[in-house]
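Mind folding the following:
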Amino acid sequence: KACGLVTSCCPGSAAAKKSAVPVVTLHGTLDRLVCTVCHAAEPFASDALSQFQQGQSPPCVRCAAIAAERLAAGKRPIRSGSLRPDIVLYNEPHPQGDAIAEFVGADVCRRPDLLLVMGTSLKVSGLKRLVKDLARTVKATPGGLVIFLNKTAAPRSEWRHIFDYEL
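Numbers count the residues shown, from 1 in each chain. All right, here's what the predicted structure looks like:
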């Protein structure tokens, strides 16, 4: 009955049935690039890495194709996007926000007795609220434990009563 911040699909939940993604990464992923205009996603390729290292962003192939079609048809040009890593930046809505809410709701309904918080600095307000809400649910379950695993320690003043163990 464990509940985790990288939230796994709950069998039988509406989110699990709709999504082929078994894990939702809360901060995004470096495995994909996403267009800044059309939001098309593609795998992160080595040629894109070399462009980033030179201080440039690769152009979006989909936007470029649409722009070329419009130009060939004699229509006005449109803006073409560039690619960036598919990570969630501060104050940006999460592209899988609805799925995250469903997964968390399904996890809470199952009354988890373990919450593992891993790989986060706990500085983003939405994530902090999520951890605190889930921790409250876990601690309400008899024997419930909240464990923090990270390279850096959590700020003691804010989290000392939330985490049972910190590694």
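
ok, G28 to A41 distance?
11 Å (C-beta to C-beta, to the nearest Å). All C-beta atoms are positioned from the backbone trio N, CA, C, and that covers glycine.

Now the common contact residues for those two.
With contacts taken as C-beta atoms under 8 Å, 6 or more residues apart in numbering, the residues that reach both G28 and A41 are D86.

And for the nearest residue to A140 once chain neighbours are set aside, the neighbour number?
In space, and not counting its chain neighbours, A140 is closest to R111: 8.0 Å by C-beta to C-beta, 6 or more residues apart in numbering. Using other C-beta atoms under 10 Å, R111 has 14 other residues around it.

again with E166
Under the neighbour criterion other C-beta under 10 Å, E166 is assigned a count of 16.

for the protein, what's the longest strand?
If you go by DSSP state E, the chain has its longest strand at strand 28-35.

That one: what's the following helix or strand?
Downstream of strand 28-35, the first helix or strand assigned by DSSP states H and E is strand 41-43.

May I ask which helix or strand encompasses the most far-flung residue of the chain relative to its centre?
Within the chain, G74 marks the point farthest from the mean C-alpha position, 40.2 Å out by C-alpha atoms, centre = their mean. For G74, there is no helix or strand it lies in under DSSP H and E.
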